[in-house]
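Colleague: Pasting a predicted model and its sequence here:
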Amino acid sequence: MPQFRGNRSAFGAPGDEPRWSPAAKQGIGTAATLASRIWFTVWNGTLTEIFYPNVDRPQIRDAQFLFADGNGLFLEEKRDLDHTVVRIEPAQGYRIASRDREGRFCYSKEIIADPRRASVLMRVRLEGDDSFLKRLHVYLLCAPHLEDSGGDNNASIIEVGGRELLTAEKNGRWVVVGASCRFSKLSCGYVGRSDGYTDIHTNHRMTWEFDEAKNGNVALTGELDLHGNREFTVSIALGETMPSATSTLLQSLGEDFQKQRRVFIYSWCDAVQDRLALEKFSGDDGRLYRAGYNVILAHEDKIYQGAFVASLATPWGEDRNDEEGKGGYHLVWTRDVVQSALGLLAAGNKEAPVRVLIYLAARQEENGGFTQNFRVDGEPFGKSVQLDEVAFPLMLAWRLKREDLLPNFDVSVMVRRAINFLLLSGPVTGEERWEEASGYSPSTLATIIAACICAAAFERNGGQAETAAFLESYADFLVAHLHEWTVTSQGIFARLNPAKPGDVASPGDVDKAVIQLSSQPPEHSGAYPASEIVDGGCLQLVRYGILAPDDPVILKTLGEIDAKLKTSTPAGPCWRRYTHDGYGQRPDGSPYDKWGRGRSWPLLAGERAHYELAAGHDCMPLVQAMEKFA
């Protein structure tokens, strides 16, 4: 049984205020097996957030190597080395080549998830001048953020089976860190005070060996005992108890890494076997297409199947404390999960989209709505009402029904409840797709209109012709009022005609209305004429077949969008979200903090490509731009 090593307590509790890692990920990884309920991310060549036992529960901030020689040399993996990151196709593992900038040594590591267990594995090989490597000390530094929080973590050193291991616990969740080569020294401490980074950075060697650091922002540090063997495997394992996490780690290290790697890759070969060969429609031989397909699949939970979170990242995580970073983007938005499902369906996957629909049907509220976003278990997070998020599942249901993919699942109750919610709550949405303001939104109205037509098809197929005709008439009513509600006197679709749910619009309102924009700099009130604010949301009206690509108002709005939002980059054109957008880094490049400057979003180049395709134009320049952005 595991035993605690001792009771030498670290000083400096509770440590520096916790932070997450940056969101600019170079990769995300997981095994394509249900048994491996663990996910990881990569940033700047370094292993960052690890999620367990669900895809929305980060448990580790990062784990990196430190290098020192005891005589003035100190190198930190994520800051002081150069890295090349390559995905191990067709899987979601990574091969990372790292180089000392002075050419003294290099090392490679492969990061995978144990396909049978909740363990992340790193296989490392160190190379360089032999005399230099004999002087070099290699350390592993791991920052637990158990249960989605860096505070109140409890770190300790344990001994099991003659091996000393690093461990941390919070609220019954455990992480254990070990290596195939064992550790010659181990310590735990409070970040910025008594942790291994502070020790090694100051002393160029490891001088502290604390046994415990309780109730704080803690870090685990171990010096790797290489003994002339410069190839080793590190495991970071998680579990519900110390014995379970320890057993997982030892079992994971006890298996041959190459065997686990083969099983890991094979699991992904099976997962992507139905993917359509669409490489001929790309400009990079399908590299981004294949990677994008895998990335979407990797965001699905393995307990709550069909639950795809938006991203395994926390925006500007390096500047976010526990409270500010809670939830991050690792939440379920029905808008995003349906778009993910439709993308997979278009690429040939006929199973995951069905799982998504079944999951959403199980998460639908009794009144037919969906909360703004939620944890994979259905626990609400954001509380706003966004009508497009109620409409999107109806569109997915219709697509799957058209493909005859729902022979064993009756979606009629979900469809009726959702369309009833839309009829009673619309057409004004509590928030539109940018989650900032209420009103008459062209993009939201497009999804409601499409949802009405989809629901009408279900009703007609069920013999309810009268109900179907009513829904179609309501859709026609919305289309007939699009101009009155959302088009300015200049003949341009506004981003939003601000209103509160239940308000009735009058002709000319959009020209008189003032919209209050969020994320504006302190010297500006954020109040602008609504008629001056444009975005590309009106293109959804074309995408869903409601307006023709050559509709005069669409064409005139496109000119305004390109004049105000289009940016030129070395990779190709891109677009910002809307006029005066403040959600982005500060003008000096520092992290967003209540305000910033809206930047170009690559997904909007893809949205524009949908329009160009519908208009019969060549969309390949935009496809290739997105490939270069990546």
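Modeller: That came in fine, so what should we check first? Numbering: from 1, shown residues only.

Colleague: Backbone dihedrals for A168, please?
Modeller: Backbone geometry at A168, expressed as degrees, to the nearest 10, gives phi -150, psi 160.

Colleague: I'd guessed it sits against I158; true?
Modeller: No: contact between A168 and I158 fails when scored by CB atoms under 8 Å: they sit 10.5 Å apart. Backbone N, C-alpha and C define where each C-beta goes, glycine included.

Colleague: More neighbours: which of these two?
Modeller: Between A168 and I158, A168 has the larger neighbour count (other CB atoms under 10 Å), namely 26 against 20.

Colleague: Tell me the bridge partners for the nearest residue to that one once chain neighbours are set aside.
Modeller: Nearest residue to A168 in three dimensions, chain neighbours excluded: P144, at 3.9 Å (CB to CB, 6 or more residues apart in numbering). Applying DSSP bridges to P144 gives these bridge partners: I60.

Colleague: thought P144 was touching R173?
Modeller: No: between P144 and R173 there is no contact under CB under 8 Å: 9.4 Å.

Colleague: Name the residue in the two with the higher neighbour count.
Modeller: Each of P144 and R173 has its neighbours counted (other CB under 10 Å); P144 has more, 31 against 20.

Colleague: tell me the contacts of that one?
Modeller: Taking CB atoms under 8 Å, 6 or more residues apart in numbering, we find P144 in contact with Q59, I60, R61, G150, N153, A155, A168, K170, V175, V218, A219, L220.

Colleague: one step back: find residues that contact each of P144 and R173.
Modeller: In contact with both P144 and R173: Q59, using CB under 8 Å, 6+ apart.

Colleague: The stretch 1-150 of the chain: strands as residue ranges?
Modeller: 3-4, 27-30, 39-43, 46-51, 58-68, 74-76, 81-87, 94-100, 105-113, 119-128, 137-144 (DSSP state E, counting those that start in this stretch).

Colleague: Pull up the pairing partners for the fourth one, direction included.
Modeller: Here strand 46-51 is paired, per DSSP bridges, with strand 39-43 (antiparallel), strand 58-68 (antiparallel).

Colleague: can you list those in a markdown table and add distance to T198?
Modeller: Listed next are the strands paired with strand 46-51 as a markdown table, based on distance: least, CB to CB, whole Å:
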| stretch | distance to T198 |
| --- | --- |
| strand 39-43 | 22 |
| strand 58-68 | 11 |
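
Colleague: Of those, which is nearest F105?
Modeller: F105 lies closest to strand 58-68 among the strands paired with strand 46-51, at 8.0 Å (CB to CB).

Colleague: Any regions of this structure where pLDDT drops low?
Modeller: Applying pLDDT under 70 to the chain picks out no residues at all.

Colleague: pull the longest helix from the protein.
Modeller: Ranked by number of residues, the top helix in the chain under DSSP state H is helix 442-461.

Colleague: other SSEs contacting it?
Modeller: helix 387-402, helix 412-425, helix 465-480, helix 482-486, helix 539-543 (3 or more CB pairs under 8 Å, 6 or more residues apart in numbering; DSSP states H and E).

Colleague: Now with 6 Å, please.
Modeller: Other helices and strands packing on helix 442-461, by 3 or more CB pairs under 6 Å, 6 or more residues apart in numbering; DSSP states H and E, are helix 387-402, helix 412-425, helix 465-480, helix 539-543.

Colleague: May I have the second one exported as CSV, CA atoms only?
Modeller: C-alpha atoms of helix 412-425 as CSV (Å, rounded to 0.1, in the frame of the first residue of the first chain):
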residue,chain,number,x,y,z
SER,A,412,-40.7,13.9,-32.2
VAL,A,413,-41.0,14.9,-28.6
MET,A,414,-37.8,16.9,-28.7
VAL,A,415,-38.8,18.5,-31.9
ARG,A,416,-42.2,19.6,-30.7
ARG,A,417,-40.9,20.9,-27.4
ALA,A,418,-38.2,22.9,-29.1
ILE,A,419,-40.4,24.4,-31.8
ASN,A,420,-43.0,25.3,-29.1
PHE,A,421,-40.3,27.1,-27.1
LEU,A,422,-39.3,29.1,-30.3
LEU,A,423,-42.9,30.0,-31.0
LEU,A,424,-43.5,31.2,-27.5
SER,A,425,-40.1,33.0,-27.0
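
Colleague: Confirm K628 sits in a helix?
Modeller: Yes: assigned with DSSP: H, G, I helix; E, B strand; the rest coil, K628 falls within a helix.

Colleague: could you pull out the helices for the stretch 301-450 of the chain?
Modeller: When assigned using DSSP state H, counting those that start in this stretch, the helices of the stretch 301-450 of the chain occupy the ranges 322-325, 334-346, 352-363, 387-402, 412-425, 442-461.

Colleague: got those helices as JSON lines, with distance to R261 and mean neighbour count columns?
Modeller: Below are the helices of the stretch 301-450 of the chain laid out as JSON lines (distance: least, CB to CB, whole Å; neighbours: other CB atoms under 10 Å):
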{"stretch": "helix 322-325", "distance to R261": "32", "mean neighbour count": "16"}
{"stretch": "helix 334-346", "distance to R261": "26", "mean neighbour count": "21"}
{"stretch": "helix 352-363", "distance to R261": "25", "mean neighbour count": "21"}
{"stretch": "helix 387-402", "distance to R261": "36", "mean neighbour count": "23"}
{"stretch": "helix 412-425", "distance to R261": "42", "mean neighbour count": "19"}
{"stretch": "helix 442-461", "distance to R261": "43", "mean neighbour count": "24"}
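
Colleague: Can I get the ones you listed in JSON lines including distance to G192?
Modeller: Shown next, in JSON lines, are the helices of the stretch 301-450 of the chain (distance: least, CB to CB, whole Å):
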{"stretch": "helix 322-325", "distance to G192": "15"}
{"stretch": "helix 334-346", "distance to G192": "36"}
{"stretch": "helix 352-363", "distance to G192": "40"}
{"stretch": "helix 387-402", "distance to G192": "41"}
{"stretch": "helix 412-425", "distance to G192": "49"}
{"stretch": "helix 442-461", "distance to G192": "45"}
